[in-house]
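>>> model this:
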Amino acid sequence: MDPVHEQKCAACGGPLRFDPESGKLVCDYCGSVFEIGEQKAPEPGEALGGIDFELLSAHAAAADAEGLPIYNCVSCGAEVIASQQQMALTCPYCGNNIVLTEKTSGNLRPDGLIPFKITAKALPQAMTKFYKGKKLLPKNFFSESRMEKVTGVYVPFWVFSGKLSGQLGFTGEHVSSRRSGDYIITETEHYRIRRDVSMEFRDLPVDASGRVDDALMDSLEPFHMEDEKPFDMQYLAGFTADRFDQARQDMAERAKKRMNNSAVNLVNGKLSGEYSNVRSTGGSLQADLKARYLLFPVYLFDLKHGKKTYAFAVNGQTGEVVGSVPTDKKVSWQYFLLRAGIGLAAVLALCFVLYMLGR
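From the prediction side, this is the model:
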């Protein structure tokens, strides 16, 4: 198998890209539109539409000073450097969309993916929704901020399903009160509680890339699994894609931890209806898990405001925005004083009412 494949239009030879709005491959040069799977990967040297579709001759053994593999773009002759994790990219010189097939085959081939559903053009609208209600932002932050280059990335995930079982321990209290003459007697009963747990989990995602922030990716959830498609390289056209660099067994521990937390919170919630002051004391849970290797759509970009840069991520399926924004200290103080003033006024009003009732 050739190590690199270009995503080209069969009609004119121009680069194809996957269009999230239509769910199809489109050519911006001649306007051709293709269904996913309609464009078959050409054989080396095969001519289609008057264009030589010889796949990129890769210098797979070649590397730059940092040990990164170098590939040659047949369309323009440029040398394209890819990181060890990249498996799809765009030639920065001629714009051709490239898939590194050696990183999408065999054990490295994803089991499926969720295609991009929103376009980069929709990001300003998503950001407007994100800013709404954030009263502590610096003045003119939205109008004076500049969105840096947007990168659409298929981020690798291990998606776990399986069963969690075992036993959890808790402490709880029963509190009762009764009047005895002029006194109120309160009795507190303390309990040690054990609960057997058996829970099934389905499609719990854990990002498999060490290059992205775990908390950032967790915040982008949920991804809706009903949109999952069988893996096809054509969905990658026009986007960047990374392969996993975190082993499945290592990520299984993180998945189990999230499942454990869910189990503790669920049991805690049920016990809170029966006891007061419920606290977890630990326990022993075993997980029997299976994992699939999937790619999820994420837009990554920086927002520049003044001399500072803020990192943002957007769920490419739902439009959910995650990122940190600054707080204007002056506005924060004004907001705090306003709320404190309202609270003080309410207390004074209550005191006045009680005083009038006591007269």
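
>>> going by C-alpha atoms from here, please, whenever you check contacts or count neighbours.
Fine.

>>> please name the nearest non-neighbouring residue to His305.
Leaving aside its sequence neighbours, His305 sits nearest to Ser145 (C-alpha to C-alpha, 6 or more residues apart in numbering; 4.7 Å).

>>> you'd agree that neighbour is up against Lys304?
Yes - at 5.6 Å, Ser145 counts as touching Lys304 under the criterion of C-alpha atoms under 8 Å.

>>> distance of Leu220 relative to Glu320?
Distance, Leu220 to Glu320, using C-alpha to C-alpha, to the nearest Å: 6 Å.

>>> and Leu285, by the same measure?
Look at Leu285 and Glu320: by C-alpha to C-alpha, they are 33 Å apart.

>>> the two - which one has more neighbours?
Set Leu285 next to Glu320 and count neighbours by other C-alpha atoms under 10 Å: Glu320 wins out with 20 against 17.

>>> that one is in contact with Asp218, isn't it?
No - between Glu320 and Asp218 there is no contact under C-alpha under 8 Å: 11.6 Å.

>>> got a list of contacts for the helix or strand harbouring Ala263?
If you go by DSSP states H and E, Ala263 is part of helix 248-271. With C-alpha atoms under 8 Å, 6 or more residues apart in numbering as the test, helix 248-271 has contacts from 158, 160, 164, 168, 195, 197, 199, 201, 204-206, 208, 278-280, 285, 287, 289, 291.

>>> any stretches of the chain with poor pLDDT?
Low-confidence segments of the chain, defined by pLDDT under 70: 1-6, 39-83, 91-95, 101-105, 136, 141-144, 327-359.

>>> domain parsing for it?
5-109, 147-327, 328-359 (automatic domain parsing).

>>> among those, which comes closest to Met127?
For Met127, the closest of these is domain 147-327, at 7.0 Å, according to C-alpha to C-alpha.

>>> about what we covered before: a markdown table for the domains of the chain, including distance to Lys139?
What follows is the domains of the chain, written out as a markdown table (distance: least, C-alpha to C-alpha, whole Å):
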| stretch | distance to Lys139 |
| --- | --- |
| domain 5-109 | 34 |
| domain 147-327 | 10 |
| domain 328-359 | 8 |
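
>>> closest one to Pro138 among those domains?
domain 328-359 (4.5 Å).

>>> which parts of the protein are helices?
Taking DSSP state H to define them, one finds helices in the chain at 123-131, 141-144, 214-219, 248-271, 329-358.
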